[in-house]
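how would this look folded up:
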Amino acid sequence: MIRRVGEYTFDIKENMRGGEGSVKIEHYWHPGTEMKAKNRLFAKLTLQPGSSIGFHKHDDEEEVFVVLSGTAETDDNGHQVILNAGDTILTGNGGGHSIKCISREPLEVMAVISCYK
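Numbers count the residues shown, from 1 in each chain. Model prediction:
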């Protein structure tokens with residue numbers, strides 16, 4: 001199955017997980033209907049400068065962020081870290097994270113949430 005740029009469905013979430021601004025979520029594939037693996041999300045997230053996703057935990061699942069473009073400030077279980085294009089972060093097993101766009105251009109992140117069960 002192939003899906004081309006411009007064919008993705010998307011949602012806009014305001015103040016996601018207690019963060020600031022809006023996050024555009026472009027769904028590459030929809031888990032449970034198009035994907036049969038134990039995933040909850042497979043999407044590109046776009047955060048405008050200053051926008052963020054608030055701190056939250058991942059129990060019984062893991063989330064991987066791959067920074068595609070822009071610069072992010074993240075809280076990785078209490079450690080403040082700057083991420084740039086090509087950097088990744090893995091959060092799971094009860095750990096938590098947040099992410100904020102600190103660049104002048106939008107932050108684009110591929111996000112995959114996989115469930116343990």
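
Quick check: which ranges of the protein have low pLDDT?
The chain contains no residues with pLDDT under 70.

how about the strands in it?
If you assign secondary structure with DSSP state E, the strands in the chain sit at 9-14, 22-27, 39-47, 52-57, 61-69, 72-76, 79-83, 88-92, 96-101, 107-115.

Packing partners of the fourth one?
Translated: strand 52-57. Based on contacts counted as 3 or more Cβ pairs under 8 Å, 6 or more residues apart in numbering; DSSP states H and E, the elements that strand 52-57 packs against are strand 96-101. To be clear about C-beta, it is placed using only N, CA and C from the backbone, and glycine gets the same treatment.

Each with direction, which strands does the strand it packs on pair with?
Within its sheet, and counting by DSSP bridges, strand 96-101 is paired with strand 52-57 (antiparallel), strand 72-76 (antiparallel).

I figured residue 18 hits residue 54, correct?
Yes: contact criterion Cβ atoms under 8 Å: residue 18 and residue 54 qualify, at 3.3 Å.

Comparing the two, which shows the higher neighbour count?
residue 54 (16 against 11; other Cβ atoms under 10 Å).

if I pick the residue nearest to residue 88 when sequence neighbours are not counted, what's in contact with it?
Ranked by Cβ to Cβ, 6 or more residues apart in numbering and with sequence neighbours excluded, the top spatial neighbour of residue 88 is residue 66, at 5.0 Å. The neighbours of residue 66, taking Cβ atoms under 8 Å, 6 or more residues apart in numbering as the test, are 86-88, 109-110.
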